[in-house]
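Engineer: Quick one: sequence and predicted model below, then my questions.
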Amino acid sequence: MEVGRLKRRADFLRLARKGRRTAAKGLVLQAAPIPVDPESTDETGNAMAIRIGFTASKKVGNAVRRNRAKRRLRALATDQLVRQAQPGNDYVLIARAATVERDFADLTDDLLHSLKRLKLLREGTA
């Protein structure tokens, strides 16, 4: 499966405006379908990829804490989101103040619980 990165502000704003969101103690997850693009679909018309974005506001802390939080979210996305999330969606992981101190196993549980709440957990997974 192809994994892309969300980098443009317009993509983040689209998810904030039109996407669904859920909050957990360690992170906030936003998700929305990828806009229809003939190049990003397979022969049956299904999207083949997921795109992921990361953000941390100043509420998380200073630059060191924000960067650490985003690194942890990137590791979490590489470890879990790519394998567990349904393709064809854009995802934004937003850091919270607890992201930096929270145990990685608890962050994983937060992500999986959020995917389940949004009904975006891939079939056949936990």
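Structural biologist: It's in. Numbering: from 1, shown residues only.

Engineer: Now the terminal residues of stretch 68-82, how far apart.
Structural biologist: 20 Å (Cα to Cα, to the nearest Å).

Engineer: and for that stretch, what are the contacting residues?
Structural biologist: 1, 3, 27, 50, 52, 54-56, 60-61, 91, 93, 95-96, 99-100, 104, 107-108, 111-112, 115 (Cβ atoms under 8 Å, 6 or more residues apart in numbering). Bear in mind the C-beta positions are built from the backbone N, C-alpha and C, glycine included.

Engineer: May I see the buried residues of the helix or strand L111 falls within?
Structural biologist: Per DSSP states H and E, L111 falls inside helix 104-117. For helix 104-117, the neighbour count (16 or more other Cβ atoms under 10 Å) marks L107, T108, D109, D110, L111, L112, S114, L115 as buried.

Engineer: Distance to R72 and pLDDT for those residues - can I get that in TSV?
Structural biologist: Output for the buried residues of helix 104-117, formatted as TSV (distance: Cβ to Cβ, whole Å; pLDDT from 0 to 100):
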residue	distance to R72	pLDDT
L107	7	96
T108	11	95
D109	14	96
D110	11	96
L111	11	95
L112	16	95
S114	15	95
L115	17	95
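
Engineer: Quickly name whichever of these is closest to R17.
Structural biologist: Ranked by distance to R17 (Cβ to Cβ), the buried residues of helix 104-117 are led by S114 at 19.0 Å.

Engineer: What's the local residue count around the residue nearest to the closest one when sequence neighbours are not counted?
Structural biologist: Nearest non-adjacent residue to S114, counting by Cβ to Cβ, 6 or more residues apart in numbering: L29, 4.1 Å away. Using other Cβ atoms under 10 Å, L29 has 24 neighbouring residues.

Engineer: Many thanks, we can stop here.
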